[in-house]
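Participant: Turn this into a model:
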Amino acid sequence: MAVPSSEKPLVRVVVAGHVDHGKSTLIGRIRHDICALAGAAALDGSVGGNWAFSMDQLQEERERLMTIDTTQTFLETPTTRIVFIDVPGHQELIQNMITGATRADHAVLVLAADEGVQVQTRRHALVLSLIGVRGVVVVTNKMDAVNFAEAAFRELESAIVGHLAELGIEAYAVIPAVALAGDNVLQRSLAMPWFDGPTLMEVLADLEPVTHDEGAARFPVQDVYERDDERIVVGRLLAGRIAEGDVLKAMPHAAALRVLEVRRFPADHLPASAGESVGLILGGGATERGVVLASPEDLPMVADRIAARVFWLAEQPLAVGESLTLRCATQDVPVAVASIGERMETVELGPLPASDRLAAMELATVEVRADRPIVFEPFARVAGLGRFVLERDGLPVGFGVVPGGAR
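Facilitator: Alright, predicted model coming up:
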């Protein structure tokens, strides 16, 4: 019996890798083959034989043959629903890659067989490790460019598995493929009979969504709407659950508020679950954007200093003493850089000499001092409160992750 769509798990998969290694082509091929398998009309995305055009929607992307912005596509298989997030591979667009990757449950890392592990392969893998991804599926694309040779594949397999291991990432599978022709995407490749592992879609079909922490509630307030003499507090529940009658603390100041009603459409008064966006009618006092509503028995961290791992993106270096804006969930807080600790270059992951500056594409432990208390968590516990963006003059210039495990 077919599983109804509403009962199938929804899995978000980011597709990452160096520029021109075939990320968009791979997703375009999957879309086409699944449509053909279901008997639906074939996609017309292969304009001029380029499956990437089914993902690259902007005219500039088609003209330059590269993904510029993150793109999402939705597919349904007999057992699951998958959202593919295609991210750009070019160095100048790595902030777009970070934005897309943070929304994903799992990752596919695409590696061109004729070029091997490149700079952005390494950086994308580093970003995946920073945001907590501990397992990826590796696709060694363009195997036709190395004459489908098993020896070439095994060499690449060894190199990428070793690099991922250095970052604490496991390769769920390493699959030789030709995305353009569909080899080992949905169907096994007749050109590579030596490979007896799974196809890409066989691996993806077994992935499950990342489960949210069902313990302590974490609800960053997005906005407060006034309607018919009611104040409706809206936002997305990052962790836990919220039911009518619950008492929550409004952090950072810990004022107690009672949940009078959970608002959604259609109205049902059921508890809000992690990952859901809802409105709340609260009693006991007012609140505002940037406040984090939390379970009183297990409160988040509150401090005016945070030490985090920061990946710097801007051409102009970060300097000790510089003033920036830190954005974490719905909080916008002015901060100053108190110190820059251990630095690392992000190609070979080697250490760098001590410095009071952090250059583009470098990673370091950075401590910032805030003008007011910040509500946060270790990334491993609540991702939405454990990552932040640093802005300079309104532009994103750095990405940070608060280290530490679950408490």
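Participant: Please identify the helix or strand for Glu244.
Facilitator: Under DSSP states H and E, no helix or strand contains Glu244.
Participant: now Ala125
Facilitator: Assigned by DSSP H and E, Ala125 falls in helix 119-130.
Participant: Give me the buried stretch members for that helix, please.
Facilitator: Gln120, Thr121, Arg122, Arg123, His124, Ala125, Leu126, Val127, Leu128, Ser129, Leu130 (16 or more other CB atoms under 10 Å). For the C-beta atoms, the positions are set from N, CA and C on the backbone; glycine is no exception.
Participant: which residue sits closest to the second one, ignoring its sequence neighbours?
Facilitator: Spelled out, it's Thr121. Counting by CB to CB, 6 or more residues apart in numbering, Thr121 lies nearest to His18, which is 4.7 Å off, once chain neighbours are set aside.
Participant: does the one you found really touch Gln120, like I thought?
Facilitator: Yes - using CB atoms under 8 Å, His18 makes contact with Gln120 at a distance of 4.1 Å.
Participant: Chain neighbours aside, what residue packs nearest to Glu315?
Facilitator: Leaving aside its sequence neighbours, Glu315 sits nearest to Ala360 (CB to CB, 6+ apart; 5.4 Å).
Participant: Name all residues that make contact with the one you found.
Facilitator: Trp312, Leu313, Ala314, Glu315, Pro317 (CB atoms under 8 Å, 6 or more residues apart in numbering).
Participant: Let's see that with 7 Å instead.
Facilitator: By CB atoms under 7 Å, 6 or more residues apart in numbering, the residues touching Ala360 are Trp312, Leu313, Ala314, Glu315.
Participant: same check, this time on Gly386
Facilitator: When contacts are counted by CB under 7 Å, 6+ apart, Gly386 touches Phe376, Glu377, Pro378, Phe379, Val401, Val402.
Participant: of those residues, closest to His106?
Facilitator: Among these, Phe379 lies closest to His106 (CB to CB), at 16.7 Å.
Participant: Not counting its own residues, what contacts stretch 110-119?
Facilitator: Under CB under 7 Å, 6+ apart, the answer for stretch 110-119 is 15, 17-18, 21-23, 26, 121, 138-143, 145-146, 152-153, 156, 159-160, 163, 347.
Participant: can I assume Ala240 is in contact with Leu248?
Facilitator: Just so we're on the same page, residue 240 is Gly rather than Ala. No - applying CB atoms under 7 Å as the test, Gly240 and Leu248 come out as separate, 10.1 Å apart.
Participant: okay, and the common contacts of the two?
Facilitator: Ala217, Ser295.
Participant: Please report the distance of the spatially closest residue to Arg387 that is not a sequence neighbour from Ala294.
Facilitator: Leaving aside its sequence neighbours, Arg387 sits nearest to Val401 (CB to CB, 6+ apart; 5.3 Å). Distance, Val401 to Ala294, by CB to CB, to the nearest Å: 20 Å.
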